[in-house]
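Asks: A structural model of the following input is requested.
(2 chains)
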2 protein chains.
Amino acid sequence: MASKPSIPKGTRDFSPTEVAKRQYIIQIIKSNFEKFGFQPIETPSFENSETLMGKYGEEGDRLIFKILNSGEYVSKFNDTLVEFIRFSIIYHKDYLKKKNESFDMKDYDFLYKKNLATYLKSKNLYIFKDATVSEIELLDDVFYFILKRLKKDDLLSKADSEFDDFVKIIFADFYYELKYKYLTSYISEKALRYDLTVPFARYVVQHQNEIEFPFKRYQIQPVWRADRPQKGRFREFFQCDADVVGSKSLWQEVELVQLYDTVFTALGLNAVTIKINNRKILSGIAEVIGASDKLIDFTVALDKLDKIGEDGVKKEMMEKGISEEAILKVQPLFSFTGTISEKITQLSVLLSESEEGMKGVEELRFICENVIKLGLSNSILDLDVTLARGLNYYTGAIFEVAPPKSVAMGSIGGGGRYDDLTGIFGLKNMSGVGISFGLDRIYLVVEELNLFPETVTATSKALFINYGDKEAFYALQAIQKLRASGIKVEFYPDNTKVAKQFQHADKRGIPYAVIIGEQEMASNSYLLKNLITGEQVSLNFENLRNALS
Amino acid sequence: MASKPSIPKGTRDFSPTEVAKRQYIIQIIKSNFEKFGFQPIETPSFENSETLMGKYGEEGDRLIFKILNSGEYVSKFNDTLVEFIRFSIIYHKDYLKKKNESFDMKDYDFLYKKNLATYLKSKNLYIFKDATVSEIELLDDVFYFILKRLKKDDLLSKADSEFDDFVKIIFADFYYELKYKYLTSYISEKALRYDLTVPFARYVVQHQNEIEFPFKRYQIQPVWRADRPQKGRFREFFQCDADVVGSKSLWQEVELVQLYDTVFTALGLNAVTIKINNRKILSGIAEVIGASDKLIDFTVALDKLDKIGEDGVKKEMMEKGISEEAILKVQPLFSFTGTISEKITQLSVLLSESEEGMKGVEELRFICENVIKLGLSNSILDLDVTLARGLNYYTGAIFEVAPPKSVAMGSIGGGGRYDDLTGIFGLKNMSGVGISFGLDRIYLVVEELNLFPETVTATSKALFINYGDKEAFYALQAIQKLRASGIKVEFYPDNTKVAKQFQHADKRGIPYAVIIGEQEMASNSYLLKNLITGEQVSLNFENLRNALS
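Replies: Numbering: from 1, shown residues only, chains lettered A, B, ... in the order given. Presented below is the predicted three-dimensional model:
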C-alpha cells in the first residue's frame, strides 16, 4: 500500500490532547449523573436489525449502518429467489393450461390483484411453510414481476427444455430491478446502534424482571449514523443520556433541569439557557387554531419572530395555509414576553378551551415554579412555546439547552418525556423522561470559551534523561518509587544526544527533566531541571519526590 | 413485535453493577498507563476495509465484521459484471471468427492460460482503464468462467437476437458460483476494528508528522470479531493496549514488565506469573534442530511437558517429523529448571552455534536481570521457552501473564516486540513493543477471588421518602445542598405507599432513608433511618450532611 492510509469520511482520530479533553467533559457529566442517582448501563454496539429497523422512520432506516452477514451471505437469497421464480412460473403455466380446460377466470384475475401468499395459504396451496414476512413479500413481488413481464402465450410456449434458461433470465432481470429491502434483510441481520434510546427501551423490556423501577439509568456510548458528513456532524459520535423509566412524577422534570444546571455550572459555562415547553401546550395551540396538521409549520414560523417580525411570521403562516382567523386567536403568542409566571398566565387564558392544553399549562406551572423556587446556580430557565423538538416522540415536557449567548452554536442538550417508551417492544405503560448532552458541541463551546483547565492535558511531570545503562538503572530505581507515590514520570528509552532528549520533553510539554550523571550517582542525588525557567537544583530522593508531587 | 427482544449472540448488556466493576478495572489500568507515561488515543470504530483486510491472515479476514454500503449497493457490482460478461463474449466471438480467417492459434491458447487483463493491456486492447485490482481479477474470472462453460461452436452459433438473454444466463450462472471476495469488495467499503494494533499502526503513519517519537500510547476501546461465540469468548470485547513505537531500547521491555506488575498488584492479584520469551530464542532452537518449519509443532509439544512427560513429548515430536537426532540436541530443554539466571546460562550453551539465538539470549538476559534487580511487587517473572504467542508477528520479546495459580484460567495479558509495526502502511523501521490486558478474563479472576472493593458498586447514599408535594419540596432543598457537597442522594419520585419506597431502597442497596413529615418540617430537621440496623435519628441539616458524607 503506497498511499498514506486514511479513515472513513465522517469519522475521527482523537489525539492524546483531544481524548483528555473529552474525558474531562465525560467525567463531569458522569459524576453528576451518579450524584443524581442515575446508574450506568452499557448495551452492545450492534443490535439485531429487527430491534432498530422501523423505529426512526424511513429516513432513519436508511441512515442505520448495517453489518454484512458472514460466510456465503448471498446464497440463501439466491436460492430463495430461484425457488420462487420456478414456483411462480410453474404455477402460472398450470393455471393457464387448466384455464383452457374450462377453468374459472375469476380466480386467475384474483392472482393478479391480490396477495399471492395469502391466497395460496387460504387454499392450503402454500408450499413455503416457514416463510418469514419478508419472504412472503418477496414471493409476491416475484410473482407480479413475472406476470408483468410475460405474455400468457410466452409462458405456455416455453418448452420444458428451455425452462432452466428461462428461470435464469428472470433471475437476472429481477436482480436488475431489485428492491434493496429484500436483499438487505437476507444478507444483513445486525446493525450499529443509531441512538441510545431504542437500545435502552430494548434493555428495559428484556431485563424487566431484574430491574427495580423506577429505573434511573445513564449511558455514555458512541452511536453511528450514515449521515452525509458535514461540519460538526459525524458518522460516529458519543451520546450521553440520563433517563428515568417507570414513573410519571413531574418531580423528575424538576430534577432534570437541576441536573442540566449542575453539569453546565461544573463545566464553567455561565448562563446557558434551559428552554422548556410541553407537547400538550402545542397540541392545545393546534386545537385552538383548528389545524393539528399545521402544527409544525406553525411552530417553525413562530420561531422566526426575532428575525422576520410579526408581519413576516403571519405571512409565512398564511402561506402555509393557516387562516387569518386562526392566527388572530393566538395573537398573544406574538408578544409572548414577561416572566415565566406571566407567560404561564397568558397561556392559561389562551388555552382555556382546550383540555389537553390546560393539562400542559398545569404541568409547566408545576415544573417551572418548583425549579424557580429551588433556584438554579448559573442557568436561565426559559419557557419557549416554539420549542417542538421530536414532536412525534415526546408527550409531555420538552427540553433544549442553548449555549451562553456569546457562542454562536445550536443546542448543546435536549430531552423530554415520552409516555410509552417501551411500547415498541410490547411493554405498555412505561413512562420515561430523559435528557441528553451533546458531547461534541459542548467540547467546542468549552474550547471557544477557553474553559478547559490546564491540568486536563497534563502529561508526565518529569522526563529522566538517558546517559547510558548504568545511569538508567539508577534512574529507574527512582522512577519506580516515584510512580509508587502516584507521580507520573517517564524515562527516555534511548541513550541518544542529550539535546534531542530535552527537545522531546519540550515537544511533549513535560515541565521537568531529571539528570543523572556520575556525580549524582556517587552522591546519591538527582539534578532536577525546570524546563521553563532553566533553573536546576540538586536534590536527594525525598526532596525530588516533594518537588514533583 | 410480540416476542421479547434480544441481542445478537456473542454480545452483552452490562448492568449497573457490571459497568461499575468493569470501570473499576479500566480505571486502574488507565491510571497506571498514565503513571508510566503512556498517552491515550482513540480511533474510529470502523476503518476503511483496505486498512484491515489482509492484515490478520485469511482466517482474520473472515472474522472481520463488514459494514454494508448505503444506497443501491449492489448495482455497481451488477453493472460491472454485465459489462464484463458482454465484453468477454464479444471478445471470444471476434477471436474465433478471425481464427477462421487464418489467425494465430497460439494467441488464443494464451488466453486460456494467462491473465486476460495483463494480456489485453500488453496489446493495448484493454478497455477498462480505471479498473482496480479486484475489478481486473473479476474480469479474469468472468472470462475463464465463460470459456469453461461454452463450446466454441456454441459461441459462434448464438444469434445476435439471443445475445441479451445469453448474457443474462451467464449472469445467473456466475452469481451461483460467486467468489464472495468480489461481491464483498463492491458492497462493503468499511469494517469494524478487529484489534487495536493495526489501527494504531495506521494512526502512526497517518499522523507521523504530528507525533513526537518515541510515542507511548495507550488505547482502551472495544473490538469486534465474528468468532463462533463460546464461553468467555465474545463478538464485542474491550482491548486495553499500551505500546511504544519508535525506539528499540530494551529498557522498555523492563518497564512493561513493571507495568504488568504494578497493575495486577493494584488489582490485589497476588503472584501472577509474567512469562517471558524471545522470538530469537525460538529461531535459534529451530536453527539448532535444523527445522525452522517445525518450530510451532516443537513448541506445542514441549509445552505439554508437565502433562505428558518427557517421553510423551518426544513421541509427539517424532510423530510431527522431528528427528531423534534433533531432539537429542535440545535435550536440556526437557529439564529446563532453576533460576532465570541458570536458565539463561543453559540457553547460552544450547544456542552457542546460532547467532540469532545468542542475540535472543542477550536480550533476555538484559531484560530479566534488570527486572529482577529493580524488583517486582507481587508478580513472578518466569522464562518460558515454550511461549510462542503470535509467532509470525513478534520479532523480539514475547510476554504472557498467567493468573494466580489458584484460578484455573488462560492468560490475562500478553504482548511483545514487533520490529516493523508500521511497514504494512509504508513507514519502515518503526520498532514497536507493547502489552495488552484482557479485561474480560481479569474481571472473572477478580470476581472469583472476591477482590472487588465493596465501594465499587456503591449506589446512592440515601433515598428521600416521598410523602407528598410539600414534603417533596422540603426534601429537594436538602437534596440540592447535599449534591452540591458531592453526596449521592436521590428522591423517590412518586408519593406511593411508604413500604414500597423502603423496599425500593432495599432492592437498590441504598443504606439510608431520609424521612420528612410535618414534624420534621416544623422543626427544620430530618429523620435519618439506617436501613441495615433499623436505627433512626432526628438531625438538623449539618448533622445530616455529616452523617451522609
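Asks: how close does the spatially most central residue of chain A get to chain B?
Replies: Note on chain A: the residue nearest the mean C-alpha position is residue A:195, at 3.3 Å, using CA atoms, centre = their mean. Distance, residue A:195 to chain B, using CB to the nearest CB, to the nearest Å: 15 Å. Any C-beta I mention is one placed from the backbone N, CA and C, and that applies to glycine too.
Asks: doesn't that residue belong to a helix?
Replies: No: Residue A:195 is assigned coil when assessed by DSSP: H, G, I helix; E, B strand; the rest coil, not a helix.
Asks: which ones are touching it?
Replies: Residue A:195 is in contact with A:56, A:223, A:239, counting by CB atoms under 8 Å, 6 or more residues apart in numbering or on different chains.
Asks: contacts for stretch A:23-37?
Replies: With contacts defined as CB under 8 Å, 6+ apart, stretch A:23-37 is touched by A:40, A:216, A:218, A:220, A:238, A:240, A:242, A:255, A:258-259, A:262-263, A:266-267, A:437, A:439, A:442-443, A:446, A:452-453, A:456, B:40, B:459-460, B:483, B:486-491.
Asks: how about the contacts made by the nearest residue to residue A:302 once chain neighbours are set aside?
Replies: Residue nearest to residue A:302 in three dimensions, not counting chain neighbours: residue A:386, with 4.8 Å by CB to CB, 6 or more residues apart in numbering or on different chains. Residue A:386 sits next to A:277, A:299, A:302, A:303, A:305 when contact means CB under 8 Å, 6+ apart.
Asks: of all the residues you listed, which comes closest to residue B:174?
Replies: Ranked by distance to residue B:174 (CB to CB), the contacts of residue A:386 are led by residue A:299 at 54.8 Å.
Asks: sheet-wise, list the partners of the stretch of helix or strand residue A:223 belongs to with their directions.
Replies: In this structure, residue A:223 sits in strand A:215-224 according to DSSP states H and E. Sheet pairing of strand A:215-224 (DSSP bridges) gives strand A:39-40 (parallel), strand A:236-245 (antiparallel).
Asks: for the closest residue to chain B within the stretch 1-150 of chain A, helix, strand, or coil?
Replies: Going by CB to the nearest CB, chain B is nearest to residue A:37 of the stretch 1-150 of chain A, at 3.0 Å. Following three-state DSSP, residue A:37 is assigned to coil.
Asks: burial count for it?
Replies: Neighbour count of residue A:37, defined by other CB atoms under 10 Å in any protein chain shown: 26.
Asks: which residue is the nearest non-sequential neighbour of it?
Replies: Closest to residue A:37 by CB to CB, 6+ apart is residue B:490, at 3.0 Å.
Asks: quick check: that neighbour is in a helix.
Replies: No: the assignment for residue B:490, made by three-state DSSP, is strand rather than a helix.
Asks: which residues of the stretch 301-450 of chain A lie near chain B?
Replies: Proximity of the stretch 301-450 of chain A to chain B, by CB under 8 Å from any CB of the partner chain, involves residues A:370, A:373, A:374, A:375, A:424, A:425, A:426.
Asks: farthest pair in the residues you listed?
Replies: A:375 and A:426 (41.9 Å).
Asks: hang on, the earlier thing: for residue A:216, see how far away the residue of the stretch 1-150 of chain A closest to chain B is.
Replies: As judged by CB to CB, to the nearest Å, residue A:37 and residue A:216 stand 5 Å apart.
Asks: tell me, what's touching these two both at once?
Replies: residue B:490.
Asks: which strands or helices does the lengthiest helix in chain A pack on?
Replies: Scanning chain A for the helix with the most residues, using DSSP state H, yields helix A:75-100. Taking 3 or more CB pairs under 8 Å, 6 or more residues apart in numbering or on different chains; DSSP states H and E as contact, the helices and strands that helix A:75-100 lies on are helix A:105-113, helix A:133-149, helix A:152-157, helix A:163-176, helix A:180-187.
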